[in-house]
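J.: Take a look and give me a structure for this.
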Amino acid sequence: MSPTQLPNKAKVYIPPNKIAGYLLSETHAIGKSKARFFRSLGFDEAAAEQLEQGLLAIAHAGEVVESVSSPHGTKYVIDGLLRAPYGVTVHVRTIWIIETEQEDPRFVTAHPMG
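T.: Coordinates of the predicted model:
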């Protein structure tokens, strides 16, 4: 494994409701600004699986550009390209965490770059 790859990337996962209840939620306190971005690209409830698969693909293929350790675990920043339903490809930054005493990387958030 290259040191620039996400550890245990084969076990990466996105918790249930993290896409619809956060990234696509127009009412979530933190997620609603991200929802405006993702929805403007054509991601909606019908395309939630496409968004999830795109984010997982970034974790599998992308290189870690930053890692930050805390008492809760280590967060990994991975930038990548996400193909949207409207046919455009955008640069997004994704954040993943491997919590203390855990092994599987869990999705934390994603947002546009630039």
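J.: so where does A35 fall, helix or strand?
T.: A35 is part of helix 31-40, with elements assigned from DSSP states H and E.
J.: Give the buried residues for stretch 95-103.
T.: For stretch 95-103, the buried set under the neighbour-count rule, 16 or more other Cβ atoms under 10 Å, comprises 95-98. Placement of C-beta: from N, CA and C, glycine included.
J.: what's in contact with stretch 25-45?
T.: With contact meaning Cβ atoms under 8 Å, 6 or more residues apart in numbering, stretch 25-45 is reached by 20-24, 50-51, 84-86, 88, 90, 109-112.
J.: Just the buried subset of those residues, please.
T.: Buried among these by 16+ other Cβ under 10 Å: 20, 22-24, 50-51, 84, 90, 109-110.
J.: JSON lines for those residues, including pLDDT?
T.: Below are the buried ones among the contacts of stretch 25-45 laid out as JSON lines (pLDDT from 0 to 100):
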{"residue": "A20", "pLDDT": "94"}
{"residue": "Y22", "pLDDT": "96"}
{"residue": "L23", "pLDDT": "96"}
{"residue": "L24", "pLDDT": "97"}
{"residue": "Q50", "pLDDT": "97"}
{"residue": "L51", "pLDDT": "98"}
{"residue": "A84", "pLDDT": "96"}
{"residue": "V90", "pLDDT": "97"}
{"residue": "T109", "pLDDT": "96"}
{"residue": "A110", "pLDDT": "97"}
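J.: Next, give me the two most distant ones among the residues you listed.
T.: Greatest spatial distance among the buried ones among the contacts of stretch 25-45 (Cβ to Cβ): A20 and V90, at 19.6 Å.
J.: all helices for this structure, in order.
T.: 31-40, 48-61 (DSSP state H).
J.: List just the one of these that sits closest to T4.
T.: Judged by Cβ to Cβ, the one of the helices of the chain that comes nearest to T4 is helix 48-61, at 11.4 Å.
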